[in-house]
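> structure for this input, please:
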Amino acid sequence: MTEVAETESVPTPGEPDAPEELTLAAEFPEASRDQWRELVAGVLRKSGAIDESFDGLPESRLVTRTYDGLEIQPLYTADDAVEGTGFPGLPPFVRSARPEGAVTTGWDIRARYARRDAKATNAAILADLEGGVSSIWLRAGAAGVPVADLGDALNEVYIDLAPVVLDAGDEYEAAANELFALFTEREIPASAVTATLGADPIGSTARTGSARPLAPAANFAARVAVSHPKVRTIVADGLPFHEAGGSDAQELGATIAAGVAYLRALTEAGLDVDTAAGQIEFRLAATADQFLTIAKFRAARRLWARVTEVSGGKASGMRQHAVTSPAMLTQRDPWVNMLRTTLACFGAGVGGADAITVLPFDAAIGQPDAFSARIARNTHAVLLEESKLAGVIDPAGGSWYVENLTEDLAKAAWREFTGIEAAGGIEAELASGALAGRLAETWEKRSKRLATRRDPITGVSEFPNLTEKAVVRDAVEDLPGGGLPRHRYAEAFEALRDRADAHPNRPRVFLATLGPVAAHTARASFAANLFQAGGIEAVNPGAPEDVIAEFRASGTKIACLCGSNTSYAEEADSVAKALKEAGATSVLLAGKPGDHPDVTGYLHTGCDALEILTGTLNELGVQ
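So this is what the prediction gives:
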């Protein structure tokens, strides 16, 4: 037996061991905020962000801003704690609309189906249900399964166990009646039916630009509320505002305003406030910005609780359907979309969404195939089953950053909402074009950040792959248009890629590297990456002995100087002049703008990549 040192304590048999007291970091002095600031200032001085004369707070140079103007601080501490978030299932419902959260069931895994062929739709639904999907978002009518074929699309589907969410546009009542007939045919009592009928005249107005009346949908909902008490009739859809380029606060404000318009119409149709609120499901976009997505869903519940409270009812929890953002999906390098949708699903799940739809990675290209549908539903499975994401209610709750972001976003969205109400409501704002104008302003700001790659798109504007094989899918039926535009963030860069790919020969630019390899590698890589974002091949000979001869042999008429600041000072002017004499119509330089008379443009962090790429393609004769 090993002897025990006299200094060690031996527990008495039958008694529990005394807990060991841990004093982590007790031997180190406590760090202060001022010490942290000194370290930050030192790093910023080395990077050139500030100089010795700077007398402000160094962290102010690290503040970022959202499209709503919300300031994201680089550090949050206990001094930034937010009070009043409450408990799950209780007003203001920031932490969850349900007291148990999603701990026992996880969120509702909802898949979307948008095929016209009923049999193909049925096969896809059955495969998804076997793979873990728990509810069905089914497009019906003009842009989906014909209403008369709903029975074929839902053949062998246990619609009493897998709720159906209809998306039938103006045909919502006909589609709902067809669905009710299926329930009757399968002897499912009306009191047990759960479904969402998808009536959304405001969403149709936003999409088409033609006003739809609310009263018919409200009257229909009032009848359904009596005959089918567990069915929701109305959807307040925020996707039209999101896809038009709107910010998070604009999407929330407009969607809450739509909810209020429906609430008024439903109460005018005879429902009390609480029953009317229970008839509405809210649909919001989830993006790859996980923290803004978390804050969005938490803030949305707070806003709706306030609306229902001041409307004379009980403060009620919002029924939320999250959809991974169609605007963030790319057609180029679509495999990266798997990562984007995973982050979006994560954010929506942590934010407490009731149902989440992960759009397949090829959704921006066309109809999903079996593989992409499987990856979409397995994204849920990994987050729920392997990551245990729903095992804790409001896992981001208490984070000083998330709580502040939730608070700030809720206030910004409330300002947007009250502004819409002051202008006469969401219908008036859509009719006047005022809302469309504000969304367009935000899209213009977003477009500038996308063009300068301050908002990078991996696989498109950053790290593109010119040799990727095109992913081909069956086309998706177009939704009616004429109203708010539908944007994707990658659309401008992808249009340039399409131009370049359609050209008989791949457009090329010559990289005129100066100095040793170590001196020009970083800038040559930067320039090649930028040109490839427009489908332009960057010819990089390395460190040639005769740059001018290599340029002549490259077969292009545009060159880009790549080197160190020292090599630019020593060689840029003479090499640029020689390149022009050798036939270069343009000579660019990878670096900050300087005084070089024969250089026609500069490639640097923050430059307008779209403008440079468009001009380059034009100069190369690529139509």
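> can you show me the CA trace of the strand or helix carrying E421 as CSV?
Element membership for E421, per DSSP states H and E: helix 400-422. Output of helix 400-422 as CSV, limited to C-alpha atoms (Å, rounded to 0.1, in the frame of the first residue of the first chain):
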residue,chain,number,x,y,z
TRP,A,400,-23.9,40.5,-22.4
TYR,A,401,-23.4,40.8,-26.2
VAL,A,402,-26.5,38.9,-27.2
GLU,A,403,-28.7,40.6,-24.6
ASN,A,404,-27.5,44.1,-25.8
LEU,A,405,-27.9,43.2,-29.4
THR,A,406,-31.4,41.9,-28.7
GLU,A,407,-32.3,45.1,-26.9
ASP,A,408,-30.9,47.4,-29.5
LEU,A,409,-32.5,45.4,-32.4
ALA,A,410,-35.9,45.4,-30.7
LYS,A,411,-35.7,49.2,-30.3
ALA,A,412,-34.7,49.8,-33.9
ALA,A,413,-37.4,47.4,-35.1
TRP,A,414,-40.0,49.2,-32.9
ARG,A,415,-39.0,52.5,-34.5
GLU,A,416,-39.5,51.0,-37.9
PHE,A,417,-42.9,49.5,-36.9
THR,A,418,-44.2,52.7,-35.3
GLY,A,419,-43.1,54.7,-38.4
ILE,A,420,-45.1,52.4,-40.6
GLU,A,421,-48.1,52.7,-38.3
ALA,A,422,-47.8,56.5,-38.3
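> any weak-confidence spans in this structure?
1-20, 22-23, 25 (pLDDT under 70).
> circling back: can you list contacts of the helix holding E421?
With C-beta atoms under 8 Å, 6 or more residues apart in numbering as the test, helix 400-422 has contacts from 68-73, 76-78, 80-82, 85, 94, 248-250, 252-254, 256-257, 260, 291-292, 294-296, 298-300, 302-303, 306, 396-397, 426, 429, 435. For every residue, glycine as well, the C-beta is placed using N, CA and C.
> out of those, which end up buried?
The neighbour count (16 or more other C-beta atoms under 10 Å) marks 68, 70, 72-73, 76, 82, 85, 94, 248-250, 252-254, 256-257, 260, 291-292, 294-296, 298-300, 302-303, 306, 396-397, 426, 429, 435 as buried among these.
> so which of those residues belong to helices?
Taking DSSP state H as the definition of helices, the buried ones among the contacts of helix 400-422 contribute 248-250, 252-254, 256-257, 260, 291-292, 294-296, 298-300, 302-303, 306, 426, 429, 435.
> related to what we said a few turns ago, got the buried residues for the helix holding E421?
Neighbour-count burial for helix 400-422, with 16+ other C-beta under 10 Å as criterion, is recorded at 400-410, 412-414, 416-417, 420-421.
> tell me the secondary structure at R139.
For R139, the assignment made with DSSP: H, G, I helix; E, B strand; the rest coil gives strand.
> return the distance of whichever helix or strand T184 is part of from the chain's centre.
Taking DSSP H and E as the definition, T184 sits inside helix 172-185. Distance of helix 172-185 from its chain centroid, counting by C-alpha atoms, centre = their mean, to the nearest Å, is 34 Å.
> what's downstream of that helix, the next helix or strand?
The element immediately downstream of helix 172-185 (helix or strand, assigned by DSSP H and E) is strand 195-199.
> need the contact list for T121.
Residues in contact with T121 (C-beta under 8 Å, 6+ apart) are Y113, R115, L138, V145, A153.
> let me know the closest of the residues you listed to P229.
Using C-beta to C-beta, L138 comes nearest to P229 of those, at 22.0 Å.
> return the set of residues that bridge with that closest one.
The partner list for L138 in beta bridges (DSSP bridges) reads Y113, L166.
> test my guess that it contacts A153.
Yes - shown here, L138 and A153 form a contact pair, counting by C-beta atoms under 8 Å, at 6.7 Å.
> quickly list what's touching both of these two.
Y113, T121, I125, V145.
> pretty sure the first one is touching A140, no?
No - judged on C-beta under 8 Å, Y113 makes no contact with A140 at a distance of 9.4 Å.
> which residues does A582 contact?
Counting by C-beta under 8 Å, 6+ apart, A582 makes contact with I548, F551, R552.
> for H520, see how far away it is.
19 Å (C-beta to C-beta, to the nearest Å).
> for the most centrally placed residue in the chain, which non-adjacent residue is spatially closest?
Against the mean C-alpha coordinate of the chain, by C-alpha atoms, centre = their mean, the closest residue is T287 at 1.8 Å. Nearest in space to T287, with sequence neighbours left out and distances taken as C-beta to C-beta, 6 or more residues apart in numbering, is S325 at 4.6 Å.
> give me the neighbour count for the one you found.
23 (other C-beta atoms under 10 Å).
> ok, it to Q331 distance?
Relative to Q331, and taking C-beta to C-beta, S325 is found at 15 Å.
> same check, this time on E581
Distance of E581 to Q331, given as C-beta to C-beta: 41 Å.
> which of the two has more neighbours?
Between E581 and Q331, counted using other C-beta under 10 Å, the more crowded position is Q331 (21 against 10).
> contacting residues around the more buried one?
Contacts for Q331 were tallied using C-beta under 8 Å, 6+ apart; they are A364, I365, V471, R488, A490, E494.
> tell me the secondary structure for the second one?
Counting by three-state DSSP, the backbone at I365 sits in coil.
> isn't T85 up against G352?
No - the pair T85 / G352 is not scored as a contact, 11.9 Å apart, by C-beta under 8 Å.
> list residues touching both of these two?
R95.
> how about A49, what does it touch?
Contacts for A49 (C-beta under 8 Å, 6+ apart) come out as R61.
> next, it: phi, psi?
Main-chain torsions, A49, degrees, to the nearest 10: phi -70, psi -30.
> quick check: the gap between it and L62.
Taking C-beta to C-beta, one finds A49 at 9 Å from L62.
> over to A390?
33 Å.
> okay, the two: which has more neighbours?
A390 (20 against 15).
> in a strand, the more buried one, correct?
No - counting by three-state DSSP, one finds A390 to be helix, located in no strand.
> find the nearest non-adjacent residue to it, please.
Closest residue in space to A390, ignoring its immediate chain neighbours: A102 at 4.0 Å, by C-beta to C-beta, 6+ apart.
> the stretch 201-350 of the chain: strands as residue ranges?
For the stretch 201-350 of the chain, applying DSSP state E, counting those that start in this stretch gives strands covering 231-237, 280-286, 319-324.
> please produce JSON lines containing the ones you listed, extended by distance to V336 and mean neighbour count.
Listed next are these as JSON lines, based on distance: least, C-beta to C-beta, whole Å; neighbours: other C-beta atoms under 10 Å:
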{"stretch": "strand 231-237", "distance to V336": "26", "mean neighbour count": "26"}
{"stretch": "strand 280-286", "distance to V336": "17", "mean neighbour count": "26"}
{"stretch": "strand 319-324", "distance to V336": "13", "mean neighbour count": "26"}
